[in-house]
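Engineer: give the three-dimensional model of this entry:
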Amino acid sequence: MAKPTEIPGLEPGTPVSVAGPLLVRARLDDVRRYEAAALGEGDGEPDVDAVHDMRIATRRLRAAIQLFGRGELAALEGEVKALQDALGEVRDGQVQRRWFARHARKEGGAGRLATWAGAGLPKAAKRLRRALRAWQGAVAPSIARAAEDAAGKGRLEGKRLAKEVTRRLRTVNRRLADAHDARSPRKVHRLRIAAKKLRYAAELVDRGFPDAATRMLAALVPLQERLGDLHDTDVRIERLERLARRGGRGERRAARATLAVLREERDREARALRRELSRWREEGVVRALRRGFSGGGGRRVKPGVDGAAGANRHAAGSSAA
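Structural biologist: Take a look at the predicted model:
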């Protein structure tokens, strides 16, 4: 996963009125760098990596607008989400097709499922191209012009930004409790979304709260990995269950055989997620992360307090998105 663009010179004491426009423009530039590859050539399929990275970049841009935007800029968030959704439709099809193609090497009957999983990609790619043209023609230039609205009172280390991050952390905490047994796909998905929103907010304030943001990002990486694996499997199961009821005879047979494999896979992934959720509870990770945002952003936080060291142990080398 590509990292967000770094902005030199930002410090805990930088006014939000200065940092906000800079961060929004940087997140906008991060989206725009993938436009050509995501469009693809002619009617061809968009580049897999570009779709993935651009989708993440749109999430980061939305987080910046939510944190700093007002007026016209805030109103443009919905347009960014429209692009994100179009990218997501292509991305989901590419991820599912790749899994079924890989599974088909082990189970011959799954070969037709790989074709089935990718059947909607041409239409999804066409919708993405329309969304990208709208983005290039009106939305991106409007965000660039409205970036000056990304302002606000206080400084990067100030209470307003700390309050917003801790608000998102409270949401994650509630979702952790809801999804404790990892049985409900809906509850797992809600925790996954809350974790993403918290991550992208923490990235935006990392210069104001350097230690606290680093520890939060480290804690979120293993959690997001487990949630992402389980979510992708839940999507496959849902779609295959529908195919097993409504598909042709050969598709129904292949779907039923693959469902047995997927359910075993889900059981393994659910156990891994439950272990991660237990670690968060036992090590008091939420409490430690919240304390990091309760004081001034420039203060140094002692390492290894209430599970933060455990969170850092899990962060090395990961790129969960």
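Engineer: which parts of the chain are helices?
Structural biologist: In the chain, helices defined by DSSP state H lie at 16-32, 35-39, 48-68, 71-75, 77-104, 111-117, 121-134, 140-146, 159-178, 185-204, 210-246, 249-282, 285-292, 308-313, listed in chain order.
Engineer: of those helices, which stretch is the most buried?
Structural biologist: Taking mean count of other C-beta atoms under 10 Å as the contact definition, the stretch among the helices of the chain with the greatest mean neighbour count is helix 48-68, which reaches a mean of 23. Every residue, glycine included, has its C-beta placed from N, CA and C.
Engineer: what's the average pLDDT for that one?
Structural biologist: Rounded to a whole number, the mean pLDDT of helix 48-68 is 96.
Engineer: check which helices and strands it sits against.
Structural biologist: Using 3 or more C-beta pairs under 8 Å, 6 or more residues apart in numbering; DSSP states H and E as the contact definition, the elements that helix 48-68 packs against are helix 16-32, helix 35-39, helix 77-104, helix 185-204.
Engineer: of those helices, which is nearest Ala57?
Structural biologist: Nearest to Ala57 among these is helix 16-32 (4.3 Å), distances taken as C-beta to C-beta.
Engineer: could you give the angle of the closest one to helix 77-104?
Structural biologist: Counting by axes from the mean of the first three to the mean of the last three C-alpha atoms, to 10 degrees, helix 16-32 points 40 degrees away from the direction of helix 77-104.
Engineer: taking helix 48-68 as reference, get the angle to helix 16-32.
Structural biologist: Going by the same axes, to 10 degrees, helix 16-32 makes 160 degrees with helix 48-68.
Engineer: surely Lys129 touches Gly44?
Structural biologist: Heads up, residue 129 is Arg, not Lys. No: no contact is recorded between Arg129 and Gly44 when judged using C-beta atoms under 8 Å, the distance being 10.3 Å.
Engineer: just send the helices and strands packed on helix 48-68 back as JSON lines, with distance to Ala2 and mean pLDDT too.
Structural biologist: Shown next, in JSON lines, are the helices and strands packed on helix 48-68 (distance: least, C-beta to C-beta, whole Å; pLDDT from 0 to 100):
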{"stretch": "helix 16-32", "distance to Ala2": "7", "mean pLDDT": "96"}
{"stretch": "helix 35-39", "distance to Ala2": "12", "mean pLDDT": "92"}
{"stretch": "helix 77-104", "distance to Ala2": "14", "mean pLDDT": "92"}
{"stretch": "helix 185-204", "distance to Ala2": "12", "mean pLDDT": "97"}
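Engineer: Pro141: which of those is closest?
Structural biologist: For these, proximity to Pro141 was assessed by C-beta to C-beta; helix 16-32 is nearest, at 9.9 Å.
Engineer: need the helices and strands packed on helix 48-68 in CSV with distance to Met216, can you?
Structural biologist: Output for the helices and strands packed on helix 48-68, formatted as CSV (distance: least, C-beta to C-beta, whole Å):
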stretch, distance to Met216
helix 16-32, 17
helix 35-39, 29
helix 77-104, 23
helix 185-204, 5
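Engineer: which among the ones you listed is found nearest to Gln224?
Structural biologist: Proximity of the helices and strands packed on helix 48-68 to Gln224 was assessed by C-beta to C-beta; the nearest stretch is helix 185-204, lying at 5.5 Å.
Engineer: residues touching that closest one, excluding its own?
Structural biologist: The list of residues contacting helix 185-204 from outside it, by C-beta atoms under 8 Å, 6 or more residues apart in numbering, reads 4, 23, 59-60, 62-64, 66-68, 161, 164-165, 168-169, 171-172, 175-176, 178-179, 182, 213, 216-217, 220, 223-224, 227-228, 230-231, 234, 238, 273, 321.
Engineer: what sits up against stretch 39-52?
Structural biologist: Looking at stretch 39-52 with C-beta under 8 Å, 6+ apart, the contacting residues turn out to be 1, 34, 37-38, 87, 90-91, 94, 121-122, 125-126, 128-129, 132, 321.
Engineer: still on that earlier bit, out of the helices and strands packed on helix 48-68, which is closest to Arg287?
Structural biologist: Of all the helices and strands packed on helix 48-68, it is helix 185-204 that lies closest to Arg287, at 14.9 Å by C-beta to C-beta.
Engineer: the inter-axis angle of that closest one versus helix 48-68?
Structural biologist: Between the direction of helix 185-204 and that of helix 48-68, the angle (the same axes, to 10 degrees) works out to 70 degrees.
Engineer: tell me how far helix 185-204 lies from the chain's centre.
Structural biologist: 7 Å (C-alpha atoms, centre = their mean, to the nearest Å).
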